[in-house]
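Q: Could you look at this predicted model? Sequence included:
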Amino acid sequence: YQGDFDDFLHDFMAGNIPYGSWADHVKSWCNQEVVKEAKTLYLSFQEVTQDKRGVCRKIMKHLGLKVEEAQLAKIVGEVTLENMKANQSKFAPKEVEYRAGHQHFNSGKAGQGKSQIEDCSPNTQEDFKTWIRGHFPSGLPQGILP
């Protein structure tokens, strides 16, 4: 992305980013009928970063898979931020072109997006709050933004 974060956030709200509208994406899997039919498993970034082993077990159970402890340990070792950064060609989206010095994976710390929004201009912050209220009048699904 060539602009600053304020510019990015406005393009994000307009759906002018790779993969299109984030709001439409989130709404598509928040529909309760879709959730029941697809047997959707919700995981928050915070949950994944705090308990990888527990989350892997939860995913395996959701998929009806049985995994031995040794296999689970190997999986948990593979899904570290360090491993994903070292193997970006395996984990990062191929459809997105990053400018020099940028990569798909950030610090891996929860709350980074919120702090980036708080660093935006007051007008952009207000635009974002209005946009969220317009798309999610009942509030965002739990775990989407802290």
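A: Looks like it arrived, so ask away. Numbers count the residues shown, from 1 in each chain.
Q: Next, name the residue at the spatial heart of this structure.
A: When CA atoms, centre = their mean is applied to the chain, the residue found nearest the centroid is residue 45 (6.8 Å).
Q: Touching, it and residue 110? I think so.
A: Yes: counting by CB atoms under 8 Å, residue 45 touches residue 110, with 5.7 Å between them. For every residue, glycine as well, the C-beta is placed using N, CA and C.
Q: Lowest-scoring secondary structure element of this structure by mean pLDDT?
A: Using mean pLDDT, DSSP states H and E, helix 32-38 stands out as the lowest-scoring helix or strand of the chain, at a mean of 65.
Q: Report the buried residues of the helix or strand just after that one.
A: Per DSSP states H and E, helix 32-38 leads on to helix 45-50 as the next helix or strand towards the C-terminus. In terms of neighbour count (16 or more other CB atoms under 10 Å), helix 45-50 has its buried residues at 45, 48.
Q: cool, stretch 14-28 as well?
A: 21, 23.
Q: how close does residue 17 get to residue 7?
A: 11 Å (CB to CB, to the nearest Å).
Q: Check residue 61 too.
A: Residue 61 is 42 Å from residue 7, by CB to CB.
Q: I'd assumed residue 3 was in contact with residue 124.
A: No: using CB under 8 Å, residue 124 is not in contact with residue 3; the gap is 11.7 Å.
Q: next one: the helix or strand hosting residue 89 to chain centre, how far?
A: Taking DSSP H and E as the criterion, residue 89 maps to helix 88-91. For helix 88-91, the separation from the chain centroid amounts to 16 Å (computed by CA atoms, centre = their mean, to the nearest Å).
Q: The chain should start at 48 in everything you say after this.
A: In the new numbering, first residue 48, that becomes helix 135-138.
Q: and that helix, what does it pack onto?
A: Applying 3 or more CB pairs under 8 Å, 6 or more residues apart in numbering; DSSP states H and E, one finds that helix 135-138 makes contact with no other helix or strand.
Q: Now the helix or strand just after that helix: buried residues?
A: Downstream of helix 135-138, the first helix or strand assigned by DSSP H and E is helix 159-165. Across helix 159-165, burial judged by 16+ other CB under 10 Å covers residue 164.
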